[in-house]
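J.: structure for this input, please:
(one chain, ligands or ions: 2)
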Amino acid sequence: MAQTYEEMDAIALLKADHRKVEEIFEAFEAATSRAKKQTLAEQACLELKVHTAIEEEVFYPACRGKIEDDLLDEAYVEHDGAKQLINEIEAGGPEDDFYDAKVKVLSEMIEHHVEEEEKRSEGMFAQARDAGLDMDALADEMRNHKAVAMERYGAGAPAETRTLSGDDVESAKADEVLSPGA
Ligand SMILES: [Fe+2]
Ligand SMILES: [Fe+2]
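T.: Numbers count the residues shown, from 1 in each chain. Ligands and ions are numbered 1, 2, ... in the order given. Modelled structure (predicted):
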């Protein structure tokens, strides 16, 4: 029997998010009307903003020092690349030039990033599992953070980057929780 959301451990929960976003991107590819495309693109953006937030606020900080540093640093930068496109997509619409291209490229960036997280043995999740992190405690923490992130992003807050020029890069290095709207 499939696990319920409440029963999932941290990795199952993050993987469930990944599958959900992949489904939305697939539906976007198949959609023909502008209205449908916009709805799906915005759904994917919201899911990704919430997902990257719970990873950056809970999962990645728990991994720091316990798995390869490079892998974590790259994950933050990959999130930021995705967030730039997310903010672009959310600010625009299907009538814009390059809208479909932006969604497609975002889906490809996410596909690569998800592979880095889920890859067998040397992927981030595998390393975190091997490091003996408490996946049940982390899942509870992420469920709590998810509710808060859903509220702030559902209300339209843009995604915040951490590692790009102009950003307070110390927040990523210190794995800090970003305060909403600050
Ligand atoms: Fe991630
Ligand atoms: Fe992820």
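J.: quick check: closest non-adjacent residue to the most centrally placed residue in the chain.
T.: Centroid-nearest residue in the chain: residue 52, 2.9 Å away (criterion: CA atoms, centre = their mean). Among residues not flanking residue 52 along the chain, residue 79 sits closest, at 4.6 Å (CB to CB, 6 or more residues apart in numbering). C-beta coordinates here come from the backbone N, C-alpha and C atoms, glycine included.
J.: and after the helix or strand containing the one you found, which helix or strand comes next?
T.: For residue 79, the host element (DSSP states H and E) is helix 69-91. Downstream of helix 69-91, the first helix or strand assigned by DSSP H and E is helix 99-118.
J.: after that following helix, heading C-terminal, what element do we hit next?
T.: Next helix or strand after helix 99-118 toward the C-terminus (DSSP H and E): helix 124-130.
J.: can you give me the buried ones in that following helix?
T.: 124, 125, 126, 127, 128 (16 or more other CB atoms under 10 Å).
J.: can I get those residues in JSON lines including distance to residue 103 and pLDDT?
T.: Compiled in JSON lines, those are given as follows (distance: CB to CB, whole Å; pLDDT from 0 to 100):
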{"residue": "124", "distance to residue 103": "25", "pLDDT": "98"}
{"residue": "125", "distance to residue 103": "26", "pLDDT": "98"}
{"residue": "126", "distance to residue 103": "29", "pLDDT": "97"}
{"residue": "127", "distance to residue 103": "31", "pLDDT": "97"}
{"residue": "128", "distance to residue 103": "30", "pLDDT": "98"}
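J.: no further questions, thank you.
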